[in-house]
Every structure is written in structure tokens, then in C-alpha cells.
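Trainee: Next come a sequence and a model predicted from it.
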Amino acid sequence: MSRKIALWVLFVCLLPGVVYAQAQVPSKSAAPTLDSIIAGARREGRLDLVWSESSMGGFKGTAALEKLINQKYGLNLKFNFTAGPDMTLMATKVLQENKAGVAATSDVYLGNAALYAPLYKADVLLAVDWKKVFPHFPDKSVELGGRAVWVWSGDRGIDYNTNLVSPAEVPRNTTDVLKPKWKGKIASTPYAAGFDRWADMIGEEKVDAFMQVFTKEYVRGLIRCAGEEERVARGEFAMFLFNCSNNEVLLLKEAGAPIDYVIPKDAASLSPFYMAIPKHAAHPNVAMLYMAALQTKEGQDIVWNFSRSGSHLVKDSNYALWFEKEFKDVKNIKVFTAEYLVEHGDRLQKLLAKYRGMLLSGSKK
């Protein structure tokens with residue numbers, strides 16, 4: 001953990017006066033209605049959100065969603081966005097804060113599917129009958145008994161520098177990167193993003209064999225998602241695999257950077273990101289309105305405009321239209337949902353730990 005993030009976490013944990021007060025959440029015996037949620041949101045008056053600036057539109061996206069929701073429901077809510085640590089650290093905070101009985105740092109938790117297994121098993125997330133209150137929710141958008149809502153499809157692939165990799169050299173399968181020209185020129189992540197999923201798709205033995213060569217001969221360095229993809233655009237690396245999501249590349253590409261991505265045929269998958277409301281959230285009703293807005297075309301288009309991400313489940317949204325075009329020729333896409341990873345997470349975590357160890361010990365720097 002960097003010193004900056006460590007100090008940020010310490011600061012939040014030591015904030016005085018953040019003892020959790022019982023929020024106005026309807027009990028299980030009285031299912032919430034839209035009117036009761038709006039009334040509760042009016043009392044709460046605010047929403048606190050913490051995640052990466054590059055996710056869900058960051059500051060600008062939050063401000064636009066605040067305006068959308070206030071206009072829709074005739075409210076005067078204040079949304080406070082703080083650019084915070086990564087999703088893994090925030091998942092840990094959800095668990096720690098719930099155990100300590102203090103209010104959640106973020107009223108909404110945003111995380112990838114794999115991070116929901118420990119949260120679900122610890123029973124720290126609020127279960128909401130979303131489709132009953134908000135009939136517009138798309139099919140398959142709600143998982144884990146109403147505790148997780150799909151907000152970002154998590155399309156991922158291999159990034160490459162278009163000045164260094166010609167169209168004929170773009171890898172069509174992941175194994176295509178194992179060509180002599182790319183030795184010592186490829187980046188990966190220190191957390192082995194995507195390799196456990198790939199092993200789940202094509203078999204552990206095949207990925208083991210790939211990693212034995214890849215980590216020792218081809219990996220030049222390890223970089224993090226959400227911000228460091230620009231190192232590929234600068235030419236420090238010819239490729240980056242696997243990325244965490246293609247949205248960062250889209251933003252850089254639109255800004256004129258020499259970068260693009262490809263979805264390898266042998267690893268075509270989605271790793272969705274979900275939102276949830278911690279049981280100890282101070283403003284759960286505002287959180288419900290916020291999450292409901294993200295299941296509309298208007299809300300999704302805000303996210304697309306500022307971060308080039310979104311959910312393809314929301315029909316006619318800009319992201320859904322992009323997704324349909326981008327994935328029209330991609331076959332056999334495997335979706336690693338939160339429910340799948342709750343069931344298979346222990347097995348995949350062992351794979352991830354193995355590949356992470358190989359990357360950390362085999363990379364040159």
C-alpha cells in the first residue's frame with residue numbers, strides 16, 4: 001500500500017463523530033415503497049461516495065447525477081464525491097466499519113464481482129427488493145438477493161501501443177503475445193487481473209504453461225489499472241494484459257493517444273462491477289435513488305460521457321449501443337457474475353494467488 005493511501009485510510013478511520021446512527025431503512029416486515037424512499041432521502045439530505053476518480057464519471061459524473069436525481073424527485077440533495085483508494089481497500093473498510101459499528105465511509109460500495117464474496121458471506125450489505133420498487137431495472141441486473149446491482153459490464157482485453165504494434169501484429173488470441181519480438185516489452189498487473197478467469201475458461205494447465213514463459217521472458221513491468229494505462233500510450237510498454245476494463249483505453253484513444261485494445265478470442269469475458277449499500281450506510285435512501293438512476297438510459301449516458309463505461313443491460317444507452325457494435329463478432333463470452341464468484345471464488349482465489357506470485361517473482365521490475 002502506498003504511503004498516501006495508507007494515510008488516507010488512517011485519516012478516515014480516525015475521523016471523530018462517525019458513530020453509526022440507525023438510518024431510516026424500512027424493516028423487512030414493511031417493504032420500502034418509492035414514496036418512503038423519497039421521504040427518507042429528503043431527511044438524509046446527502047450522499048457520500050468514495051472510489052477512484054476514473055470510475056463512474058468521478059467528480060463530474062457525480063455532479064451530473066446529483067442534478068438528474070434532484071430534478072426527477074423534487075429534492076435538494078447534496079452529493080459528496082471523494083477520490084479514494086482502490087476497490088479492495090474499500091471492501092476491507094466496509095467489513096471493518098460494520099464490525100466497529102461506525103458509519104460507512106461511502107454510502108455505496110463499488111467493486112468488481114470477486115470482492116462481493118467476502119461481503120456477502122459477512123452479511124454486511126443491505127438487501128433491497130429493487131424490481132418491486134423500481135420496475136425499470138433490467139433483467140439480470142440484480143444479484144445476491146438484492147444486495148448487488150450490476151452497473152458496469154467490465155469488458156476487458158489487451159491494450160497495445162499502435163505505434164509499436166502494427167495491425168497485422170495485434171494478438172487475436174492471448175497466446176499470440178508469445179513471439180520473440182515482444183520479449184521484455186509487455187506489462188501486466190501486480191494483482192494478476194484476469195488470469196484466474198482465463199484459467200477458468202481454457203484450463204489451469206494451459207495457463208500455467210503460458211505463465212511460466214510469459215512472466216520470465218515477456219513481462220517488463222507491473223502497472224496498475226485506472227491511471228497507468230498511459231504508460232502503454234507513452235511507449236514504455238508495447239502491450240498490457242490483461243487490463244481491468246477497456247474504458248481507460250477509450251478515453252486515452254479519444255484524446256489522441258496511440259493506444260487501442262483487442263478482445264482476445266480465447267479470453268473473451270466480462271467481469272462486471274456492482275454497487276451495493278452497506279448496512280451501516282448513513283444515507284441508504286439517497287443511495288437507493290442513486291443506484292436506481294444508474295439503471296436508466298439517462299443515468300448510464302452520464303457515466304458513458306465522463307468515463308466511457310456502463311452497463312449493456314440498460315437498453316438504448318450509449319454504452320449498450322457501443323457494446324452491441326463492439327462485441328457483435330465476439331463469440332462465447334463468459335460472464336463472471338458476483339453469484340458465480342461467490343460459488344467459485346475460493347477456487348479462483350487460489351489460482352489468482354498462484355499467478356500473482358509468478359508475476360511478482362518473474363517480472364523484471
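Mentor: On my side now, so go ahead. Given the structure is predicted, the values throughout are model-derived calculations rather than measurements.
Trainee: which one is S271 nearest to, not counting chain neighbours?
Mentor: Leaving aside its sequence neighbours, S271 sits nearest to G154 (Cβ to Cβ, 6 or more residues apart in numbering; 4.1 Å). C-beta: built from backbone N, CA, C; applies to glycine.
Trainee: That neighbour: neighbour count?
Mentor: When neighbours are defined as other Cβ atoms under 10 Å, G154 has 22 of them.
Trainee: Give me the local confidence score for it.
Mentor: G154 is assigned 90 on the pLDDT scale.
Trainee: And it, how close does it get to K325?
Mentor: Here the criterion is Cβ to Cβ, to the nearest Å. By it, G154 lies 18 Å from K325.
Trainee: Wait, the residue nearest to S271 touches L270, no?
Mentor: Yes: using Cβ atoms under 8 Å, G154 is in contact with L270, at 5.4 Å.
Trainee: and P135, how many neighbours?
Mentor: Neighbour count of P135, defined by other Cβ under 10 Å: 7.
Trainee: Now name the helix or strand holding it.
Mentor: P135 is part of no helix or strand when elements are defined by DSSP states H and E.
Trainee: Could you find the closest non-adjacent residue to Y319?
Mentor: Nearest non-adjacent residue to Y319, counting by Cβ to Cβ, 6+ apart: G310, 2.8 Å away.
Trainee: Burial check on the one you found, number of neighbours?
Mentor: Using other Cβ under 10 Å, G310 has 28 neighbouring residues.
Trainee: Can you give me the distance of Q71 to D129?
Mentor: Computed as Cβ to Cβ, the Q71 to D129 distance reads 25 Å.
Trainee: So those two - more neighbours on which side?
Mentor: Neighbour totals were compared for Q71 and D129, and D129 leads with 13 against 9 (other Cβ under 10 Å).
Trainee: where does the more buried one land on pLDDT?
Mentor: pLDDT for D129: 96.
Trainee: these two touch, right, it and G146?
Mentor: Yes: counting by Cβ under 8 Å, D129 touches G146, with 5.8 Å between them.
Trainee: what is in contact with these two at once?
Mentor: Contact with both D129 and G146 is made by no residue, according to Cβ atoms under 8 Å, 6 or more residues apart in numbering.
Trainee: do you know how far the residue nearest to S271 is from A338?
Mentor: Distance check for G154 against A338: by Cβ to Cβ, it reads 11 Å.
Trainee: just L164 next, same as before
Mentor: For L164, the distance to A338 (Cβ to Cβ) stands at 36 Å.
Trainee: These two: which has the busier surroundings?
Mentor: The residue with more neighbours, out of L164 and A338, is A338; 27 against 16, by other Cβ under 10 Å.
Trainee: List the contacts of the more buried one.
Mentor: Listed by Cβ under 8 Å, 6+ apart, the contact partners of A338 are A113, Y116, A117, Y120, E143, L144, A148, P272, Y274.
Trainee: got a list of contacts for the helix or strand in which the last one is found?
Mentor: The reference is to Y274. Element membership of Y274 [criterion: DSSP H and E] is strand 273-276. Residues lying outside strand 273-276 but in contact with it, judged by Cβ under 8 Å, 6+ apart, are 55, 108-113, 116, 119, 125-126, 143, 147-152, 154, 245, 291, 294, 338.
Trainee: and the gap between Y109 and C244?
Mentor: For Y109, the distance to C244 equals 17 Å [Cβ to Cβ].
Trainee: So between the two, which is more surrounded?
Mentor: Just comparing Y109 and C244: by other Cβ under 10 Å the higher neighbour count belongs to Y109, 28 against 20.
Trainee: Which residue ranges of the stretch 101-250 of the chain form strands?
Mentor: Remark: strands assigned in the stretch 101-250 of the chain by DSSP state E, counting those that start in this stretch are 109-112, 142-143, 148-152, 158-161, 186-188, 219-222, 239-240.
Trainee: want to throw these into JSON lines with distance to D260?
Mentor: Putting the strands of the stretch 101-250 of the chain into JSON lines (distance: least, Cβ to Cβ, whole Å) gives the following:
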{"stretch": "strand 109-112", "distance to D260": "23"}
{"stretch": "strand 142-143", "distance to D260": "32"}
{"stretch": "strand 148-152", "distance to D260": "20"}
{"stretch": "strand 158-161", "distance to D260": "6"}
{"stretch": "strand 186-188", "distance to D260": "15"}
{"stretch": "strand 219-222", "distance to D260": "19"}
{"stretch": "strand 239-240", "distance to D260": "11"}
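Trainee: so which of those strands gets nearest A64?
Mentor: Of all these, strand 148-152 sits nearest to A64, with 15.2 Å by Cβ to Cβ.
Trainee: strand partners of the closest one, parallel vs antiparallel please.
Mentor: Paired strands of strand 148-152, with direction, are strand 142-143 (antiparallel), strand 273-276 (antiparallel) (DSSP bridges).
Trainee: Give me the contacts around the shortest one.
Mentor: In other words, strand 142-143. Strand 142-143 has contacts (Cβ under 8 Å, 6+ apart) with W130, K131, A148, V149, W150, Y274, T337, A338, E339.
Trainee: Look at S54 and give its secondary structure.
Mentor: Secondary structure for S54, judged by DSSP: H, G, I helix; E, B strand; the rest coil, is coil.
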